[in-house]
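Peer 1: fold the stuff below for me.
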Amino acid sequence: MKRNHTFTVVLFAFTVLAMAVLFVGLFLIPHAMAFYCGYTGRPEAIIPGVVRAYYFVTPPTVVGLGFLCVILRNILRGEVFASKNVATLRVIGLLAFVAALCCGIFGYRYLPIVICGVAGLFISLILAVLSELFAVACRIKDENDLTV
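Peer 2: Take a look at the predicted model:
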C-alpha cells in the first residue's frame with residue numbers, strides 16, 4: 001500500500017521554517033520591539049523583559065523543533081510507534097516545560113508573555129499524555145508483532 005506523506009512533508013518544511021525564523025529573530029528582536037513600542041505607544045520599559053524572555057525561550061524551542069523534525073523523519077520512514085519516538089516526545093514535552101517556565105520567569109512584566117508561558121505549560125502536559133499513549137501503542141504493537 002502506497003502512503004501519501006504530503007502532509008508530513010509540509011509539517012517538516014514548516015518546522016524547519018519556524019526554526020529559521022526563531023534563529024533570525026535572535027538578531028532582530030531588539031529592533032522589532034523598539035519598532036513595536038514606537039508604533040503602538042507602549043512604554044519602552046517592556047523591551048528588556050520581552051527580549052530577555054525571547055533569548056531564554058528560543059534555545060529550548062529550537063531544540064524541541066529539531067526533535068520534532070526527528071519524529072517527522074521517523075514517520076516518513078514508516079517508524080511511527082517506536083520507542084525512540086516516545087523518548088523524543090518526552091524530551092519535547094520537557095523542553096516545552098522549560099520554555100514555559102522561562103516565559104513566566106523572564107516575561108512577568110508583560111502579560112502576553114505570561115499567557116504564552118501558561119499555554120506552554122498546557123502543551124507540555126498534552127505532550128506528556130501523548131508520549132504515554134505512544135508508549136502504550138508501542139507495547140501493543142510489539143505484542144502484535146509477536147503474534148502469528
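Peer 1: Ile103 - how many residues pack around it?
Peer 2: No, residue 103 isn't Ile; it's Cys. A total of 25 residues lie near Cys103 under the criterion other Cβ atoms under 10 Å. To be clear about C-beta, it is placed using only N, CA and C from the backbone, and glycine gets the same treatment.
Peer 1: no wait, Cys102
Peer 2: Neighbourhood size, Cys102 [other Cβ under 10 Å]: 23.
Peer 1: please list the outside residues in contact with stretch 123-142.
Peer 2: Contacts with stretch 123-142, where a contact means Cβ atoms under 8 Å, 6 or more residues apart in numbering, come from 81-83, 85-86, 89-90, 92-94, 96-97, 100.
Peer 1: hmm, try it at 10 Å
Peer 2: 64, 71, 80-101 (Cβ atoms under 10 Å, 6 or more residues apart in numbering).
Peer 1: read off the pLDDT value for Val62.
Peer 2: Predicted confidence (pLDDT) for Val62: 96.
Peer 1: also Lys2?
Peer 2: 60.
Peer 1: what does Ile105 give?
Peer 2: Ile105 carries a pLDDT value of 88.
Peer 1: that one: neighbour count?
Peer 2: Neighbourhood size, Ile105 [other Cβ under 10 Å]: 13.
Peer 1: can you check Leu17 too?
Peer 2: Using other Cβ under 10 Å, Leu17 has 11 other residues around it.
Peer 1: which helix or strand contains it?
Peer 2: Under the criterion of DSSP states H and E, Leu17 resides in helix 6-40.
Peer 1: what about the strands in this protein?
Peer 2: Using DSSP state E, the chain contains no strands.
Peer 1: for it, which spans come out with low pLDDT?
Peer 2: Applying pLDDT under 70 to the chain picks out residues 1-2, 148.
Peer 1: now the helices for it?
Peer 2: Here the chain has its helices, by DSSP state H, at 6-40, 46-76, 83-106, 111-146.
Peer 1: distance between the first one and the chain's centre?
Peer 2: A distance of 13 Å separates the centroid of the chain from that of helix 6-40, by Cα atoms, centre = their mean, to the nearest Å.
Peer 1: now swap in the last one and tell me
Peer 2: In terms of Cα atoms, centre = their mean, the centre of helix 111-146 is set 12 Å apart from its chain centre.
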